[in-house]
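Q: I'd like to go over a predicted model; first the sequence, then the structure.
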Amino acid sequence: MPTTLLSDSIEVGIVTDNIEQMRHFYGEVLDLEYEGELPFTGGTMHRYKLGTNIIKLVSYQTMPTKSLPGGGEAGLGIRYFSFGVADLDAAVAGWQSGGAELTVDITPFGGGVGFCFMADPDGNWIEVFGMTTAE
């Protein structure tokens, strides 16, 4: 029996002990719309819109001690999230002017479409794909 979804979107939770730099990166560098703060018992969540999806930056009063940042080859499990943009070159240029650094340069993979990776201040990888002039 299919599950009836409350939403067609996905929410990605990122636990951080570096909340101010992470908020700057997602809110100012990536220019994601801030949806708001959600305090909960033992911590706080800051929510950013990515299309209809949500990036949740979570900090706890007692932080976990294990950290697993990195890209696809860094380990098993969920290693990065991806999203597409109409003009990859322009988007990357804007993010780089705000301080973002690519971990994998724009790489074409056919039909004028390419991808790249960047890392947030905690080292979590983000893949972005879209139309590019890179060859």
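A: That came in fine, so what should we check first?

Q: Tell me the secondary structure of the closest residue to Y80 other than its chain neighbours, please.
A: Of all residues not flanking Y80 in the chain, W125 sits nearest, at 3.8 Å (Cβ to Cβ, 6 or more residues apart in numbering). Using the backbone N, CA and C atoms, a C-beta is placed for each residue, glycine as well. When classified by DSSP: H, G, I helix; E, B strand; the rest coil, W125 comes out as strand.

Q: Identify all contacting residues around stretch 44-60.
A: Stretch 44-60 has contacts (Cβ atoms under 8 Å, 6 or more residues apart in numbering) with 7-17, 19, 22-23, 26-27, 30, 32-39, 42-43, 83.

Q: who's E33 bridged to?
A: K49 (DSSP bridges).

Q: Tell me how far it lies from I55.
A: Distance, E33 to I55, by Cβ to Cβ, to the nearest Å: 10 Å.

Q: So these two - more neighbours on which side?
A: Set side by side, E33 and I55 show more neighbours around I55, with 24 against 10, by other Cβ atoms under 10 Å.

Q: Residues in a beta bridge with that one, which ones?
A: As for beta bridges, I55 partners with V12, Y48 under DSSP bridges.

Q: still on that earlier bit, surely the residue nearest to Y80 meets C116?
A: No - the criterion here is Cβ atoms under 8 Å, and W125 misses it with C116 at 10.5 Å.

Q: higher neighbour count, these two?
A: C116 (22 against 19).

Q: Could you verify that that one is part of a strand?
A: Yes - under three-state DSSP, C116 falls within a strand.
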